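> structure, please.
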Amino acid sequence: MNIAFFLLPKEEVVYVTPRTTMRQALERMERHRYNAVPIVDQHGCYVGTLTEGDLLWKIKNTPGLDFSNTHTVRVEEIPLYKQHQPVRIDATMEDLINLAMEQNFVPVVDERGVFIGIVRRKEILEYCARSLKSSDRSAELYAASQAVERE
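Predicted coordinates:
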């Protein structure tokens, strides 16, 4: 299955840039109720994923930093504790499934590393559920055909 079928295009994705302030990132994540967003640089390339945990660790580990002055910190100054891996647009469903076990979404890039969108875990799980149902139905039909042949 072509993963482009599951792609939420960049135009519809909430993302931040390295120059986005911490406050802007927090407010964007809160408004959309996301716990992670992609980071896309000025060239359109995917550079990482910013998570709530990254934001909390930055506040915890920066003396004097609280919500009132988060506008002074840029996303590029926030250490990312997990390295979320992107896939190329020609990746397989198996690649997506393996990454979705650890990530809420899988960033998708073109052959130059330019961010083109995401595939959300929800769509991957729905695909897997449909595949299992189809597989179960095929097994039932096969078993029924075998029973008819024996009669």
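
> the bottom helix or strand of the protein by mean pLDDT?
helix 121-150 (a mean of 68; mean pLDDT, DSSP states H and E).

> quick check: beta-bridge partners of the residue nearest the centre of the chain?
By CA atoms, centre = their mean, the chain has its centre lying nearest to Phe105, at 1.7 Å. The partner list for Phe105 in beta bridges (DSSP bridges) reads Arg120.

> going forward, count from 18.
All right, first residue 18 from here; so that's Phe122.

> list the contacts of it.
By CB atoms under 8 Å, 6 or more residues apart in numbering, Phe122 lies in contact with Ala53, Pro55, Ile135, Val136, Arg137, Arg138. For every residue, glycine as well, the C-beta is placed using N, CA and C.

> Leu82: which of those residues is nearest?
The closest of the contacts of Phe122 to Leu82 turns out to be Ala53 (CB to CB; 20.4 Å).

> just list whatever residues bridge to the closest one.
The partner list for Ala53 in beta bridges (DSSP bridges) reads Thr68.

> quick one on the thing from earlier: what's the closest of the contacts of Phe122 to Leu73?
Nearest to Leu73 out of those is Ala53 (CB to CB; 12.5 Å).

> neighbours around that closest one, how many?
Using other CB atoms under 10 Å, Ala53 has 16 neighbouring residues.
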